[in-house]
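Novice: Give me a model of this one.
(6 chains)
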4 protein chains.
Amino acid sequence: MWLHVDPRSPQPMYQQVVDGVKSAVAKGILQPGDKLPAVRELSMELTLNHNTVAKAYQELERAGVIEVWRGRGTFIAASKVPADVNERKNELERELERILVEAHHLQMSEDEVEEMLRQVVRRLREGRGEHA
Amino acid sequence: MWLHVDPRSPQPMYQQVVDGVKSAVAKGILQPGDKLPAVRELSMELTLNHNTVAKAYQELERAGVIEVWRGRGTFIAASKVPADVNERKNELERELERILVEAHHLQMSEDEVEEMLRQVVRRLREGRGEHA
Amino acid sequence: MWLHVDPRSPQPMYQQVVDGVKSAVAKGILQPGDKLPAVRELSMELTLNHNTVAKAYQELERAGVIEVWRGRGTFIAASKVPADVNERKNELERELERILVEAHHLQMSEDEVEEMLRQVVRRLREGRGEHA
Amino acid sequence: MWLHVDPRSPQPMYQQVVDGVKSAVAKGILQPGDKLPAVRELSMELTLNHNTVAKAYQELERAGVIEVWRGRGTFIAASKVPADVNERKNELERELERILVEAHHLQMSEDEVEEMLRQVVRRLREGRGEHA
DNA sequence: GTGGTCTAGACCACC
DNA sequence: GTGGTCTAGACCACC
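Specialist: Just a heads-up that it's a prediction; the model follows:
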């Protein structure tokens, strides 16, 4: 199973489901058109309540990651740019700054953070079977 | 004032204070030995409950960013590596991966994220008066 | 084909069929006496379950838009005022008010909504080949 | 009370709360900075479950209509244009077209719909104490 | 005090 | 079968 949820995490469980699906899409594990498990099916696999999974699916639909076909099921959507791209890019910038601040207090230089990012990118690419 | 707090932010107020102080240290606005405002003083300036500021100071002390000298006040500590560095570096890596996943859903390439990081670094360095 | 249906729409599929037929009539694409495709035929063209199309036809019959001649087929009815006109006019008024409220939150003035309505009317008239 | 909810309506109750608050803002009954009742307080007044009201408040926050001050309460936000204005304006246009189609089947002319809209506008303005 | 999350279980519309 | 809504009631973090 490509999705796991940790009830002890400070992150809400529905958010973990959202992030897990987004991550699987980014990694190519889930492709546009792929069917997601039904709400109740996934809730049983993750031993979550169906409401929790439903909330995650609604969030993913609003984010344009999945499409709900009424009465038929839920599918990965063709990727498209969300309406609020610029807002969210600014948000990413602020998070990067926050990471740099944290890194400074761990005595990491900015170059080391850049190197860390490159390493994560490399790992993701290998996961996808890309080489370079 | 080098510290601002937004009550509408999803981030808890005490966390904003923690991040604000860490950021001021990372940017060189606050230096080891500098005295921080007293809890009640800061809570009035930021119109926060004093418990909120006290909680932030406790957090900062645990993180080794400040030192509380009972009866004298609170000071920025000499920078030192905290005990749980490796744990927290792993945490940073996970956050970088999460940012890359988000970026993918904004149609940003991994190279663009790297470029964004370099830009943030450049901005921080200029703020510190460094050039290059 | 003058009828399209989107499974990803929040609107139920049968409702989309109902609205599509009503719209075709309003635009003059379908005229009184015109024969509609048989339920099974239309369900195949739209790749819908035949129950879904049957439900739409029942709705259209109740609304007085079509007439079902058992054994012969389904036809566009001569236009006549339905029994519950006043109720439904009140419903339209409530929808217009809801639109004005939404528009307010998009910073549109009431005059801009009126202008938008006039534009939609103009477009519909041009579609019908009317000029003025 | 400026808010009512009808459990027999086809509209979900949380949506009725959302529309009710938006409407009160559009009519000037609620002004930026005004405090909304606490989730549990409002849920008791409307004899709804607190989860239902919480869902409505979350929707309103996402729409930028209200602001949640953590631990303090919920307030009407200063009005600002949402990120997806254009999408939502297109949505309004489609709804206006749907209304014109419905009106046609009630034997209303397009001019009569325009007049109906003007009347609704007039009523709203009078409600606000504007004259003209 | 405030809002947010979660389970358990019922009920509904749609396909 | 599918997802969406709702109640009842517990628990949590934040202020």
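
Novice: going forward, measure contacts and count neighbours with C-alpha atoms only.
Specialist: OK.

Novice: near DNA strand F, anything from stretch A:34-46?
Specialist: Yes: residues of stretch A:34-46 contacting DNA strand F under Cα under 7 Å from any atom of the strand: A:36-41.

Novice: How far does that stretch sit from its chain's centre?
Specialist: 17 Å (Cα atoms, centre = their mean, to the nearest Å).

Novice: and that stretch, anywhere near DNA strand E?
Specialist: No: residues of stretch A:34-46 are not located near DNA strand E by Cα under 7 Å from any atom of the strand, the shortest gap being 7.9 Å.

Novice: how far does that stretch stretch from start to finish?
Specialist: Stretch A:34-46 has an end-to-end distance of 19 Å (criterion: Cα to Cα, to the nearest Å).

Novice: could you pull out the strands for chain A?
Specialist: In chain A, the strands defined using DSSP state E lie at A:66-69, A:73-76.

Novice: Give the buried residues for the last one.
Specialist: Applying a neighbour-count criterion of 16 or more other Cα atoms under 10 Å in any protein chain shown, the buried positions in strand A:73-76 are A:74-76.

Novice: Now do the contacts for the nearest residue to residue A:16 once chain neighbours are set aside.
Specialist: In this structure, residue A:16 finds its nearest non-sequential neighbour in residue A:5, 6.2 Å apart by Cα to Cα, 6 or more residues apart in numbering or on different chains. Residue A:5 makes contact with A:13, A:16-17, A:46 under the criterion Cα atoms under 8 Å, 6 or more residues apart in numbering or on different chains.

Novice: Of those residues, which is the most crowded?
Specialist: Ranked by neighbour count (other Cα atoms under 10 Å in any protein chain shown), those have residue A:17 at the top, with 24 neighbours.

Novice: any idea how far residue B:82 is from that residue?
Specialist: Residue A:17 sits 32 Å away from residue B:82 when distances are taken as Cα to Cα.

Novice: Kindly tell me how buried residue A:125 is, as a neighbour count.
Specialist: For residue A:125, the count of nearby residues is 15 (other Cα under 10 Å).

Novice: and it, what pLDDT?
Specialist: Note on residue A:125: pLDDT of 92.

Novice: Spatially nearest residue to the most far-flung residue of chain A relative to its centre, not counting backbone neighbours?
Specialist: In chain A, counting by Cα atoms, centre = their mean, residue A:107 sits farthest out from the average C-alpha position, at 28.9 Å. Nearest residue to residue A:107 in three dimensions, chain neighbours excluded: residue B:81, at 6.4 Å (Cα to Cα, 6+ apart).

Novice: quick one, phi psi at that neighbour?
Specialist: phi -70, psi 130 (degrees, to the nearest 10).

Novice: Neighbours of it, how many?
Specialist: Residue B:81: 15 surrounding residues under other Cα under 10 Å.

Novice: One more: residue A:26?
Specialist: By other Cα under 10 Å, the residues close to residue A:26 number 19.

Novice: Name the residues of chain A found near DNA strand F, please.
Specialist: Proximity of chain A to DNA strand F (Cα under 7 Å from any atom of the strand) is limited to residues A:36-41, A:51, A:54-55, A:57-58, A:68, A:70-74.

Novice: For chain C, tell me which of these show up nearby.
Specialist: A:68, A:70 (Cα under 8 Å from any Cα of the partner chain).

Novice: relative to helix B:85-105, how tilted is the lengthiest helix in chain A?
Specialist: When chain A is parsed with DSSP state H, its longest helix is helix A:85-105. Put simply, helix A:85-105 runs at 170 degrees to helix B:85-105, going by axes from the mean of the first three to the mean of the last three Cα atoms, to 10 degrees.

Novice: Is any residue of helix A:85-105 near chain B?
Specialist: Yes: judged by Cα under 8 Å from any Cα, helix A:85-105 and chain B are in contact via A:85, A:89, A:92-93, A:96-105.

Novice: Then stretch A:28-35?
Specialist: No: Stretch A:28-35 is not in contact with chain B by Cα under 8 Å from any Cα; minimum separation 10.9 Å.

Novice: Could you pick out the residues of chain A near chain B for me?
Specialist: So far as Cα under 8 Å from any Cα goes, chain A lies against chain B at A:19, A:22-23, A:26, A:65, A:79-82, A:85, A:89, A:92-93, A:96-107, A:110, A:114, A:116-118, A:120-121.

Novice: Report the buried members of the residues you listed.
Specialist: A:19, A:22-23, A:26, A:65, A:79, A:82, A:89, A:92-93, A:96-106, A:110, A:114, A:116-118, A:120-121.

Novice: I'd assumed residue A:13 was in contact with residue A:55.
Specialist: No: using Cα atoms under 8 Å, residue A:55 makes no contact with residue A:13, being 10.0 Å away.

Novice: one step back: grab the CA positions of the longest helix of chain A and hand them over as PDB.
Specialist: Extracted C-alpha coordinates of helix A:85-105, given in PDB (Å, rounded to 0.1, in the frame of the first residue of the first chain):
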ATOM      1  CA  VAL A  85      -0.900  29.600  -7.900                       C
ATOM      2  CA  ASN A  86       0.800  32.800  -7.000                       C
ATOM      3  CA  GLU A  87      -0.500  32.900  -3.500                       C
ATOM      4  CA  ARG A  88       0.700  29.400  -3.000                       C
ATOM      5  CA  LYS A  89       4.100  30.000  -4.600                       C
ATOM      6  CA  ASN A  90       4.600  32.900  -2.100                       C
ATOM      7  CA  GLU A  91       3.600  30.400   0.700                       C
ATOM      8  CA  LEU A  92       6.400  28.000  -0.500                       C
ATOM      9  CA  GLU A  93       8.900  30.800  -0.400                       C
ATOM     10  CA  ARG A  94       8.000  31.600   3.100                       C
ATOM     11  CA  GLU A  95       8.400  28.000   4.000                       C
ATOM     12  CA  LEU A  96      11.800  27.800   2.400                       C
ATOM     13  CA  GLU A  97      12.800  30.900   4.500                       C
ATOM     14  CA  ARG A  98      11.500  29.200   7.600                       C
ATOM     15  CA  ILE A  99      13.600  26.100   6.800                       C
ATOM     16  CA  LEU A 100      16.700  28.300   6.300                       C
ATOM     17  CA  VAL A 101      16.100  29.900   9.700                       C
ATOM     18  CA  GLU A 102      15.800  26.500  11.300                       C
ATOM     19  CA  ALA A 103      18.900  25.200   9.600                       C
ATOM     20  CA  HIS A 104      20.900  28.200  10.900                       C
ATOM     21  CA  HIS A 105      20.000  27.100  14.400                       C
END
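
Novice: Since that was my last question, I'll sign off now.
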